[in-house]
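S.K.: what follows is a protein structure lacking sequence information:
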């Protein structure tokens, strides 16, 4: 089948190389789950707590939360069957192979069964995050020309069904809204909404439908096809869409499971939102499924909830971002949570740089091995090896997971730097994409003509080949692992009638690593708005909360470079000097 329009395909000679070297093995997500279910139908696959505080005192029965509601506890056989029924329901709705479906679900069982159902019919999930609001969701629907949008139930201050109705009214391609919960559509909705429960109740499983002579071969995706679209952490505008094929992504699961020591006896805790690449695949819940292990979904990463699940479910490995790791370390060291963490073998920390001082606390405080993870949804993933010496583990961000990952570290003129010097990281390899989806102009900047991806990261290489992350060379803020494009926030500030110009930069933060600081120049002759009013204005424009500036500074003018450009370097220094001052 021809490539999906808008996707930059792998050059045939490279695709053949990766197959010949054994990186790509001709697997799909649908076949992977089916194989695990056939091999071990009774093996536990997924635990998703129903909500409420997690107790490990022996008084909470296995299979329920402290609230008394039943947890989702599915075997591989049950997960496969549920995905198969939903796949049949999606087919009955008219959702077809290569159709794009925006999925905005949190750490709940519905996420897992829904995405496997989409994989099975060859439809492409577009992984939105729970904090995303109108600005982001409308962009994803438009970029992908999505035919469906899957949402969960209301949360305090936000009902995704209302947003879904608004988005559907504005985008004719969006035929279906599917709700994991009460599917009552708001008044004025263009079409009735569909309950996920109704899709799952389809009378015939998908496997029985596609096994008929009329349908055989027309639905199942092939391993070289795009499996889903992830979100970039780009430096301009809303995130771009990242196409990942079954073959390349399943390699990352297989290799991550090996490097992270997963076995069928392992238990992986997803403490972060599973739509992120990191808790999805490094090794994440998908790596756990590849290994035939058990995945546990934490409804919150707070110390009591997540560490309570570690104790109750005998979790062996989990992955977090530095701010979460610091909270856990302080909670355990300070005695504010007291859970049995003896099962925990590996704590992964990634998404942003983990300071060496904090990294040294992991083993004595939690009694487990630290594994640093540095990677990107576009491809390259690096891990510190579990058997590395402690100094390497705490001071580096690992080395590439594939033998054929290639790295270049270049200066501002694209010339190689000396070993040990800092420079911009470029990479290519058997699982790093060839280009963003429907982004020809951006691809010309982000990729070199010979296929190297400009990651936007500043790194240095040690003599042993380990990476040390120094920062970013893109105009981007990494707020506790959440990537924020400065230009996007600036554009929202510029929409305010009193704002003449705006510049958003990172400011240091001991907890999140970086926060956002917006410097604003006001128009002459206007009543100056207070910083809190500008923050409220940005939030009111439908921007995700984590993108709203943490600090707004009103200034008379911006510092300039010698050629007259706004000097964000000087603004970052100014932001750092004011980081400790009251906002």
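M.R.: Arrived safely. From a predicted model like this one, the values you see are computed outputs, not experimental measurements.

S.K.: only C-alpha atoms for contact and neighbour calcs from this point on.
M.R.: Fine.

S.K.: using the three-state scheme, assign residue 107.
M.R.: Secondary structure state of residue 107, per DSSP: H, G, I helix; E, B strand; the rest coil, is coil.

S.K.: ok, it touching residue 296?
M.R.: No - Residue 107 is beyond contact range of residue 296, at 9.2 Å (criterion: CA atoms under 8 Å).

S.K.: give me the more crowded residue out of the two.
M.R.: Neighbour comparison, residue 107 and residue 296: the larger count goes to residue 296, with 28 against 21 (by other CA atoms under 10 Å).

S.K.: ranges for the strands of the stretch 1-150 of the chain?
M.R.: For the stretch 1-150 of the chain, strands defined by DSSP state E, counting those that start in this stretch occupy the ranges 44-48, 72-75, 100-104, 124-127, 148-151.

S.K.: low-confidence regions, the chain specifically.
M.R.: Scanning the chain for pLDDT under 70 picks out the ranges 1, 51-69, 211-219, 234-237, 474, 561-565, 581-583.

S.K.: ok, longest helix in it?
M.R.: Identified as the longest helix of the chain according to DSSP state H is helix 76-93.

S.K.: buried set for it?
M.R.: Neighbour counts over helix 76-93 (16 or more other CA atoms under 10 Å) mark 76-91 as buried.

S.K.: closest to residue 222 out of these?
M.R.: residue 87 (16.6 Å; CA to CA).

S.K.: from the centroid of this structure, which residue is nearest?
M.R.: residue 276 (1.3 Å; CA atoms, centre = their mean).

S.K.: test my guess that residue 579 contacts residue 508.
M.R.: Yes - between residue 579 and residue 508 there is a contact at 6.8 Å, judged by CA under 8 Å.

S.K.: more neighbours: which of those two?
M.R.: residue 508 (20 against 16).

S.K.: need phi/psi at the more buried one.
M.R.: When read as degrees, to the nearest 10, the backbone of residue 508 gives phi -70, psi 150.

S.K.: beta-bridge partners for it, please?
M.R.: residue 514 (DSSP bridges).

S.K.: then the one 10 residues further on?
M.R.: Using DSSP bridges, the beta-bridge partners of residue 518 come out as residue 504, residue 552.

S.K.: what about stretch 8-24, distance to the chain center?
M.R.: 25 Å (CA atoms, centre = their mean, to the nearest Å).

S.K.: actually stretch 90-105, not the one I wrote
M.R.: 20 Å.

S.K.: that one: end-to-end distance?
M.R.: Its first and final residues considered, stretch 90-105 spans 17 Å by CA to CA, to the nearest Å.

S.K.: list the buried ones in that stretch?
M.R.: Those would be 90-91, 95-105, for stretch 90-105 by 16+ other CA under 10 Å.

S.K.: and which of these is nearest to residue 431?
M.R.: Nearest to residue 431 among these, with distances taken as CA to CA, is residue 98, at 20.6 Å.

S.K.: how does this protein divide into domains?
M.R.: Domain segmentation of the chain under automatic domain parsing yields 12-350, 476-577.

S.K.: most tightly packed of these?
M.R.: Comparing the domains of the chain by mean neighbour count (mean count of other CA atoms under 10 Å), domain 12-350 ranks first with a mean of 20.
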